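[1] Sequence plus predicted model, see below.
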Amino acid sequence: MNITDIRVFPVDEDKLKAFVTIVFDECFVVSDIKVIHGPNGLFISMPSKRRKNGTFRDVAHPLNQETRRMIEERILARYGEMLATGAQPRRPRAPREAVEDEADRAFREGDTSHALPPAAGPHGAHPAAPGA
């Protein structure tokens, strides 16, 4: 598993320093990772969801410390590069699930031109494929 892209979106807040999106192997994305400035320096917080009881639960996270360390090192290095280039912080944005993007809007409106083809049938052929 390789991180193939890291996008950093700096924000102007006291503790929250940036939102980050990472891509693994050019085929899997994790959004809404946060760069936080805590009492011991910078660290990352994985995307989470608030439960009904008010606690938070990660919706995506590494399964071991080695992977967490690798992700955190790469993200914080990229964040440092962004600061060095003079990237200007923005106002914080709503978490990804609260923001409707173009693909969400198209899906809701019934435009399936970006959708995957139907799943293969029991014999491996797509139902609409010739000879199926």
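    On my side now, so go ahead. Since we're looking at a predicted model, the values are computed, not measured.

[2] all strands for this structure, in order.
    For the chain, the strands defined by DSSP state E occupy 3-10, 16-24, 28-38, 41-45, 48-50, 56-58.

[3] looking at the ones you listed, which is buried most?
    strand 16-24 (a mean of 20; mean count of other Cβ atoms under 10 Å). Backbone N, C-alpha and C define where each C-beta goes, glycine included.

[4] by contact count, what packs against that strand?
    Contact here means 3 or more Cβ pairs under 8 Å, 6 or more residues apart in numbering; DSSP states H and E; on that basis strand 16-24 packs against strand 3-10, strand 28-38, helix 65-84.

[5] what about the protein, any weak spots by pLDDT?
    88-132 (pLDDT under 70).

[6] Try it again at 50.
    Applying pLDDT under 50 to the chain flags residues 97-100, 103, 107, 112-132.

[7] Pairing partners for residue 41 in the sheet, please.
    Beta-bridge partners recorded for residue 41 (DSSP bridges): residue 38.

[8] Return the distance of it relative to residue 63.
    24 Å (Cβ to Cβ, to the nearest Å).

[9] what's the answer for residue 19, then?
    Taking Cβ to Cβ as the measure, residue 19 falls 23 Å from residue 63.

[10] Ok, residue 46 next?
    If you go by Cβ to Cβ, the gap between residue 46 and residue 63 works out to 12 Å.

[11] more crowded one of those two?
    Under the criterion of other Cβ atoms under 10 Å, the comparison of residue 46 against residue 63 puts residue 46 first, with 17 against 7.
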